[in-house]
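1. Kindly return the folded structure for what I paste below:
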Amino acid sequence: MKKFVCLLITLGFITTIAGCSGDDTVARAGNDGAELTLRTDKKSIVADGQATATIEVALIERDSSLSEVQSVVLSTSLGEIFDKEGEPLEQLEVSGMQGGNKIFFRSEHAGEALLVAKYGELTAELKLRAEAIEGTKLAHHLFATPAYENLCPELMSCLRLDYYSSSSQIKVFTTGNYTAPDGMELDLYVLDLVLASGTNGEGSADAMRFLDSSASFDSGIIAAGDILVLPQLPSENRVRTITRSATQHDTLYIEHPFTKNFNNEPYFIARQSTVADIYGFEDEEEGEKLLYQGSTSSLKDGQASFAFDYPVERADYGCPDNSGNLPAQQSERVYVVVLSQHSSGLQGFVSEDGEFCFAAP
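-> Take a look at the predicted model:
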């Protein structure tokens, strides 16, 4: 059954507005008589028929009679709009002095949805994306500036005694600059020992190996579990796990093949930290709580939080000096690596030089 919901109106002068604001989570339409606004809490949801985006609908009108009941007509090109009780919604009934109303959007099918709200001559249009986790291609990322904590932060208590900790977030985007859908799981790693690096990396889509004809990989140094990073390649080819010790001076074997052929790529090989641990977070109603189940985190609103800790005696490792210079040797720098594994393939992200270090509070 289609339902109708009351929305309040404010009387007042409105300047002329056309189109959308610079914020793509907001769409506005207006004239001298009224302004209609749509505002969403997220630009992308999972296309599973359950994940939702919350949209606030606001209407401000100058010349309306308070006794009249008027309507904002709603439509979407994909999925459905519904109310807080889960009932499909085609319009909002409006009356009164001022206020706003929340509606909700969901979709079982992937694609771009155009949400349209019409009031008289005004039409506000807002684009949202419904993403299928299966096959989603992650395009780029942003790390938040890390926050360095004292030994025992009040909010999270101690991760470990005599350890400092740092917390941060990664925000992940799909092609088209949409935030990645909720529920994608990320594997987290801290690398604090670079074993080798070069500029002549080669890979192919038909073999699970990596080559550098100018290298001399040492089987006594590079081992199974070490991480190969090609920072300039797209996310689907940027990070690979090495599966066995180097047995040939110019060849390393990897866990997943590359998706394309390449050569002359810069790379480095690093080891997961033996002194630092990294933890994912999950959101709960009372605030963020640490997950002690391993180094994984799940995306919510395109973002995942994490923290890593390191012993006090390693403080300042990998950090810039007083002049802002990073350690001259790449082997003494710290990196955070994030991997996402889905049916669409392995996708990885790595922090920039100097973005993370074992800083003292």
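2. for L230, phi and psi?
-> When read as degrees, to the nearest 10, the backbone of L230 gives phi -120, psi 90.
3. residues contacting D41?
-> D41 is in contact with T25, A53, T54, I55, D301, counting by C-beta atoms under 8 Å, 6 or more residues apart in numbering. Any C-beta I mention is one placed from the backbone N, CA and C, and that applies to glycine too.
4. where in this structure is pLDDT low?
-> Low-confidence segments of the chain, defined by pLDDT under 70, span residues 1-23, 62-70, 94-100, 133-136, 149-161, 282-294, 342-345.
5. how close does Y335 get to Q169?
-> Distance, Y335 to Q169, by C-beta to C-beta, to the nearest Å: 16 Å.
6. L346 versus Y267, what's the distance?
-> As for Y267, its distance to L346 is 16 Å (criterion: C-beta to C-beta).
7. buried stuff in the lengthiest strand in the chain?
-> For the chain, the longest strand by residue count, based on DSSP state E, is strand 185-203. Neighbour counts over strand 185-203 (16 or more other C-beta atoms under 10 Å) mark 186-197, 201-203 as buried.
8. same for it, what does it pack against?
-> strand 209-211, strand 227-229, strand 262-272, strand 277-284, strand 296-298, strand 303-311, strand 335-342 (3 or more C-beta pairs under 8 Å, 6 or more residues apart in numbering; DSSP states H and E).
9. Could I get these in a markdown table, plus columns for distance to T241 and mean neighbour count?
-> Below are the helices and strands packed on strand 185-203 laid out as a markdown table (distance: least, C-beta to C-beta, whole Å; neighbours: other C-beta atoms under 10 Å):
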| stretch | distance to T241 | mean neighbour count |
| --- | --- | --- |
| strand 209-211 | 11 | 19 |
| strand 227-229 | 6 | 21 |
| strand 262-272 | 10 | 18 |
| strand 277-284 | 16 | 18 |
| strand 296-298 | 15 | 19 |
| strand 303-311 | 19 | 22 |
| strand 335-342 | 8 | 21 |
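10. Kindly reformat these as TSV containing distance to F356.
-> Below are the helices and strands packed on strand 185-203 laid out as TSV (distance: least, C-beta to C-beta, whole Å):
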stretch	distance to F356
strand 209-211	25
strand 227-229	14
strand 262-272	13
strand 277-284	10
strand 296-298	15
strand 303-311	8
strand 335-342	5
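11. which one of those lies closest to S44?
-> strand 303-311 (11.5 Å; C-beta to C-beta).
12. on contacts alone, who are the packing partners of the closest one?
-> Other helices and strands packing on strand 303-311, by 3+ C-beta pairs under 8 Å, 6+ apart, are strand 163-174, strand 185-203, strand 277-284, strand 296-298, strand 335-342.
13. As a markdown table, those strands with distance to L89 would be great.
-> Formatted as a markdown table, the helices and strands packed on strand 303-311 follow (distance: least, C-beta to C-beta, whole Å):
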| stretch | distance to L89 |
| --- | --- |
| strand 163-174 | 28 |
| strand 185-203 | 33 |
| strand 277-284 | 27 |
| strand 296-298 | 29 |
| strand 335-342 | 33 |
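14. who wins for proximity to E93 among these?
-> strand 277-284 (34.2 Å).
15. hang on, the earlier thing: which one of the buried residues of strand 185-203 is nearest to S213?
-> Nearest to S213 among the buried residues of strand 185-203 is E202, at 7.4 Å by C-beta to C-beta.
16. Tell me the bridge partners for the closest one.
-> E202 forms beta bridges with L211, as assigned by DSSP bridges.
17. That one is in contact with S213, isn't it?
-> Yes. Applying C-beta atoms under 8 Å, one finds E202 in contact with S213, separated by 7.4 Å.
18. quick one on the thing from earlier: and which of the buried residues of strand 185-203 is nearest A223?
-> The closest of the buried residues of strand 185-203 to A223 turns out to be L195 (C-beta to C-beta; 8.9 Å).
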